[in-house]
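# how would this look folded up:
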Amino acid sequence: MTRLGTGIGWRPEIADAVERMPGIDWVEAVAENVCPGHLPASLLRLRERGVTVVPHGVSLGLGGADRPDAGRLAALAARAEALGSPLVTEHIAFVRAGGPLTATPGLEAGHLLPVPRTRDALDVLCENVRVAQESLPVPLAVENIAALLAWPGEEMTEGQFLYELADRTGVLLLVDVANLHTNHVNRGEDPAEALAELPLEAIAYVHVAGGFERDGVWHDSHAHPVPRPVLDILTDLTSRVTPPGVLLERDENFPAPGELEGEVGAIREAVELGARRRAATAPREVPAAGTGEAGPRAAGTGKSEPTATGPETAGPSTAGTGEAEPPAAEAGRTTRREAEAEGTARQEAEGTARQEAEAGETEPSAVGDATRQRLGLAQAALLSALVAGTPAPEGFDRVRLGVQARALAAKRADVVAKLAPELPLILGAGYRSAFLAHAQRHPMRGGYRQDALDFAERLLLDGRPAPGRARRELRRWWLDRSGPAPRPLSRLRRLGRLGRTGRSPIGR
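Have a look, this model is predicted:
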């Protein structure tokens, strides 16, 4: 397992602060926001300093009913290669539904939505993960997500679901302790129980993030300080195992660099507290016969092994000092050695299974179209209720569906404002209410950039804003960004021949 150390999510808004921040061993970048041929200068400088960069994908939809899109997989692979990353990460979620599989309109969520913890969903997820693993040049780790709602009729706990996924596919796990807290508040699930059921040897690294509670619902915002309950779950996890890496996520509402450094420091303290607790409860090793040492060291080096608070090459060495290592390091090393041995055994077993399958001795069962269709119909019904206003599927909490629907619309408004900052400037205080009204009637049909274009076009077609400066600026903005490709004739007739006449529905 690659040792990562302590990291922070790299975002353009805090790029300078991240570069100057002391003790940062690695960073994570949103894969879809990085172009392999034009890497940000900040990431290039970090790489030159030896800081590891891990691409974190958000759009594969591995938990969806359809097989992973080859183009998206190729894009993720290209980013891993461009960044020289030791692994890539994605989410156990679905982000779109409908389409040919279910003969229903295709819908985009613009957000990570939970997968039902059922056998059907697990079978589909396992096959999708295998498809992704075969397409990627480095190992894949998948993340547990936060959820505002629960699927009816679930058959497994989160820990059981993740254990089976890792056991059947060999995929690594990105454990988000903030999401465990979210699911504790929103779904009544016990974080300690989830941690107890996880295959600890499969953990690639850990996410830590903040959020806020409103009306009894926890929102995983990534825009607020990390609360004490999330740090307590991190301590619980590190009292069980030393994770290869721990990372702070912050996506918006960025504080001053000093506050970010303080949050990273609090994460280090939580990790160290867990290590001390593990050391206090772990039995001491019997000294090796005739050596007089209090436990094994790395062969021939005398070095202590790394913890999650530093990379593999970091940390003090006791080589040549004649001093025994502290109990915390000794206990942590023992637990990690056992976990790594289990991980090696897992990888060897998977390799044997693949060889047998290739030789025709065993044949991994493929997921049938009927299974994918059942899952697809269920996901399409849920997503349609959330973004298109159709009736709530049977068994769901209608109040929670309303909370999730409003959260999705609010996120659309926020992201569009971020990607197209001219729109709030043109529309002023009326931007948000206009967009939320648009979102209620018009589901997202592409990415967020397309969503911005669709919103502007719909306003213009509806005769808004009223004739004047704002309308002229909005029309100019839409024309500049709608692309040079010719539109279908029927669409041109509907909109009018732009530029030829002032009688166009999108007129001045």
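# going forward, measure contacts between C-alpha atoms and count neighbours the same way
Fine.
# Need the pLDDT of Ser482.
Note for Ser482: predicted pLDDT of 86.
# which residue sits closest to it in space, ignoring its chain neighbours?
In space, and not counting its chain neighbours, Ser482 is closest to Leu453: 6.9 Å by C-alpha to C-alpha, 6 or more residues apart in numbering.
# Next: Arg481.
The shortest distance from Arg481 to any non-neighbouring residue, by C-alpha to C-alpha, 6+ apart, is to Leu453 (7.6 Å).
# ok, the one you found - how many residues close by?
Number of residues near Leu453 (other C-alpha atoms under 10 Å) recorded here: 17.
# Now it: which helix or strand?
Per DSSP states H and E: Leu453 is located in helix 448-461.
# I'd like to know which elements that helix is packed against.
Judged by 3 or more C-alpha pairs under 8 Å, 6 or more residues apart in numbering; DSSP states H and E, helix 448-461 is in contact with helix 398-419, helix 469-481.
# Buried ones in that helix, by neighbour count?
For helix 448-461, the buried set under the neighbour-count rule, 16 or more other C-alpha atoms under 10 Å, comprises Tyr448, Asp451, Ala452, Leu453, Asp454, Phe455, Ala456, Glu457, Leu459, Leu460, Leu461.
# Pick the one among those closest to Leu122.
Using C-alpha to C-alpha, Tyr448 is the member of the buried residues of helix 448-461 that lies nearest Leu122, at 29.1 Å.
# and the closest one, what does it touch?
Contact partners of Tyr448, counting by C-alpha atoms under 8 Å, 6 or more residues apart in numbering, are Gly110, Arg412, Val415, Val416, Leu419.
# which non-adjacent residue is nearest the last one?
To tie it back to what came earlier, the one meant is Leu419. Counting by C-alpha to C-alpha, 6+ apart, Leu419 lies nearest to Arg449, which is 6.9 Å off, once chain neighbours are set aside.
# Take the buried residues of helix 448-461 and lay them out in CSV including pLDDT and distance to Trp151.
CSV is the format used below for the buried residues of helix 448-461 (pLDDT from 0 to 100; distance: C-alpha to C-alpha, whole Å):
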residue, pLDDT, distance to Trp151
Tyr448, 90, 27
Asp451, 94, 28
Ala452, 96, 31
Leu453, 95, 33
Asp454, 95, 31
Phe455, 96, 31
Ala456, 96, 35
Glu457, 95, 36
Leu459, 96, 36
Leu460, 96, 39
Leu461, 95, 39
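# and which of those is nearest Ala75?
Checking the buried residues of helix 448-461 against Ala75 by C-alpha to C-alpha gives Tyr448 as the nearest, at 17.9 Å.
# next one: phi and psi at the closest residue to Gly210 other than its chain neighbours?
Closest residue to Gly210 apart from its sequence neighbours, by C-alpha to C-alpha, 6+ apart: Val226 at 4.0 Å. Phi and psi for Val226, reported as degrees, to the nearest 10, are phi -70, psi 120.
# Same question for Arg96.
Arg96 adopts backbone torsions of phi -150, psi 160, taken as degrees, to the nearest 10.
# Go ahead and confirm Ala109 touches Arg96.
Yes - between Ala109 and Arg96 there is a contact under C-alpha atoms under 8 Å: 5.6 Å.
# the more surrounded of those two?
With other C-alpha under 10 Å as the criterion, Ala109 and Arg96 differ in neighbour count, and Arg96 comes out ahead with 28 against 23.
# can you tell me how far that one sits from Glu90?
Arg96 sits 15 Å away from Glu90, going by C-alpha to C-alpha, to the nearest Å.
# same question, Thr102
According to C-alpha to C-alpha, Thr102 and Glu90 sit 25 Å apart.
# ok, those two, which is more surrounded?
Glu90 (24 against 20).
# Kindly list the longest strand within the chain.
Scanning the chain for the strand with the most residues, using DSSP state E, yields strand 104-113.
# relative orientation of that strand and helix 398-419 in degrees?
Per axes from the mean of the first three to the mean of the last three C-alpha atoms, to 10 degrees, the angle that strand 104-113 makes with helix 398-419 is 80 degrees.
# If you average the pLDDT over the following helix or strand past strand 104-113, what comes out?
As assigned by DSSP H and E, the chain's next helix or strand after strand 104-113 is helix 119-135. Helix 119-135 shows an average pLDDT of 98 in the prediction.
# which parts of helix 119-135 are buried?
Neighbour-count burial for helix 119-135, counted by 16+ other C-alpha under 10 Å, picks out 120-133.
# now what about it, what contacts it?
The contact list for helix 119-135 (C-alpha under 8 Å, 6+ apart) reads 62-65, 67-68, 73-74, 77, 92, 115, 139-140, 155, 161, 165, 168-169, 171, 366-367, 371-372, 375.
# do the same with stretch 172-186
Contact with stretch 172-186 is made by 89, 139-149, 166, 189-191, 194, 202-210, 216-220, 229-230, 233-234, as judged by C-alpha under 8 Å, 6+ apart.
# Show me which of the residues you listed are buried.
With burial judged by 16+ other C-alpha under 10 Å, the buried subset of the contacts of stretch 172-186 is 89, 139-149, 166, 189, 191, 194, 202-210, 217-220, 230, 233-234.
# among these, which are in helices?
Secondary structure from DSSP state H places Ala166, Pro191, Ala194, Val230, Ile233, Leu234 of those in helices.
# ok, the last one to Gly159 distance?
This points to Leu234. Distance from Leu234 to Gly159, counting by C-alpha to C-alpha: 16 Å.
# Could you do the fifth one as well?
When distance is defined by C-alpha to C-alpha, Ile233 is 14 Å away from Gly159.
# Just to be sure, Ala97 is in a helix?
No - Ala97 is assigned strand when assessed by DSSP: H, G, I helix; E, B strand; the rest coil, not a helix.
# what sits against it?
Contacts of Ala97 by C-alpha under 8 Å, 6+ apart are Gly64, Ala65, Gly106, Leu107, Glu108, Gly376, Gln379, Ala380, Leu383.
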